[in-house]
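> Sequence and predicted structure are below.
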Amino acid sequence: ADAYAILGDIAYDTQELAHAKTAWDRAKQLNPSMTSIDERLNKLNSEQAVEKQFDRAGDVHFDLRYQDGISYSSAYDLRKVLDQARRDVGRDFGYWPRHQIVVLVYSEEDFKQVRQGPDWIAALYDGKIRIPFPRNPAALESLNSTLVHEYTHAIIHDITHNQCPVWLNEGLAEFEEAKTRKPDLQHLQAAVSNNRLIPLASLDSAFKSRDANVAALAYQQSYSLVAYLDQTYRFFRIRRILDKLPEGTSIEVALQEELRLTPSQLEQRWQRWLPTFARGSYASR
């Protein structure tokens, strides 16, 4: 049963959904007590209903699949954005995945069906990049930035073996996205003015909020924390922190070893620096 469960995981990760279902069904048949298989099958069934008719426009780096109704030319344009992100983000992190990354492009309606989480989620990376294709052509530029954001998550997932704190993960994705469009700092500016910043210790949990305003502030704070680390210590030091995480090192120990900072000291220094940043006086390199 364990072997079939693993085979199902491999097939699912490479978007071979029919093979994944066959393997997981067999695992469940051999060991009915594997409740984790039930969760995986429920998720797969929901996705398969939408994704089984997807067309493909992949290359050696990306297995891009898109829903009927989205033109091949649009899919090809998205693939070009991904290829550029691979070059640009890869240069910052010094990392280029050697495996294909699955990218799934849905209609806005079907993305809501497969999305799991609060309504404010505009795209996601859960081992695969999942994005909705906007009906409004004016939103396409925003979609390109979103792809850069989600691709950054894919890189961080690989580097840290999915051991990166949410605030650092999202902050880095926002940092890379900010190089493609001017970031919105309205929630951060208001929080600084009203002394209502989210404490660093509570920042990860804020991303689970169903309140879109709380989530927006969490994203903007996390971005500003990464911008502070980049400006003060340089990006290569952030990269070295990431390298420590898959070894089982906590973020607290990684900060101490690399920057000689406790989380409390980081928070205090960041808060002293923050008002200038919130006024828009900082530009990412």
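Looks like it arrived, so ask away. Numbering: from 1, shown residues only.

> contacts, neighbours, all on C-alpha from now
Noted.

> Look up how far Ser33 lies from the closest residue to Asp2 other than its chain neighbours.
Once flanking residues are discounted, Asp2 sits nearest to Ala27: 6.8 Å by C-alpha to C-alpha, 6 or more residues apart in numbering. Using C-alpha to C-alpha, to the nearest Å, one gets 10 Å for the distance from Ala27 to Ser33.

> Which one of these two is surrounded by more residues?
Just comparing Ala27 and Ser33: by other C-alpha atoms under 10 Å the higher neighbour count belongs to Ala27, 22 against 11.

> Enumerate every residue touching the more buried one.
Applying C-alpha atoms under 8 Å, 6 or more residues apart in numbering, one finds that Ala27 lies in contact with Ala1, Asp2, Ala3, Tyr4, Ala5, Met34, Ile37.

> so can I have JSON lines of those showing neighbour count?
Supplementary listing: the contacts of Ala27 in JSON lines, determined by neighbours: other C-alpha atoms under 10 Å:
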{"residue": "Ala1", "neighbour count": "17"}
{"residue": "Asp2", "neighbour count": "13"}
{"residue": "Ala3", "neighbour count": "12"}
{"residue": "Tyr4", "neighbour count": "18"}
{"residue": "Ala5", "neighbour count": "23"}
{"residue": "Met34", "neighbour count": "16"}
{"residue": "Ile37", "neighbour count": "19"}
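
> Tell me the one of the residues you listed nearest Asp158?
For those, the residue nearest Asp158 by C-alpha to C-alpha is Ala5; the value is 21.6 Å.

> Just after the host helix or strand of that closest one, pick out the following helix or strand.
Secondary structure assignment for Ala5, by DSSP states H and E: helix 2-13. Using DSSP H and E, the helix or strand that follows helix 2-13 in sequence is helix 17-30.

> could you check the angle helix 2-13 makes with that following helix?
Counting by axes from the mean of the first three to the mean of the last three C-alpha atoms, to 10 degrees, helix 17-30 points 160 degrees away from the direction of helix 2-13.

> What mean pLDDT does helix 17-30 get?
Taken as a whole, helix 17-30 carries a mean pLDDT of 96.

> Can you mark which positions in that helix are buried?
Buried residues in helix 17-30, counting neighbours by 16 or more other C-alpha atoms under 10 Å, are found at Leu17, His19, Ala20, Lys21, Ala23, Trp24, Asp25, Arg26, Ala27, Lys28.

> ok, the residue in the chain sticking out farthest from the centre - contacts?
Computed with C-alpha atoms, centre = their mean, the maximum C-alpha offset from the centroid of the chain is found at Leu30, amounting to 34.9 Å. The contact partners of Leu30, by C-alpha under 8 Å, 6+ apart, come to Ala1.

> Distance of it relative to Ala1?
Computed with C-alpha to C-alpha, the distance linking Leu30 and Ala1 is 6 Å.

> ok so, going back, may I see the buried residues of helix 17-30 organised as a markdown table, with distance to Glu258 added?
Written out in a markdown table, the entries for the buried residues of helix 17-30 read as follows (distance: C-alpha to C-alpha, whole Å):
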| residue | distance to Glu258 |
| --- | --- |
| Leu17 | 42 |
| His19 | 44 |
| Ala20 | 41 |
| Lys21 | 44 |
| Ala23 | 44 |
| Trp24 | 43 |
| Asp25 | 46 |
| Arg26 | 47 |
| Ala27 | 44 |
| Lys28 | 45 |
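
> So which bits of stretch 158-165 are buried?
Those buried within stretch 158-165 under the rule 16+ other C-alpha under 10 Å are Ile159, Thr160, Asn162, Gln163, Cys164, Pro165.
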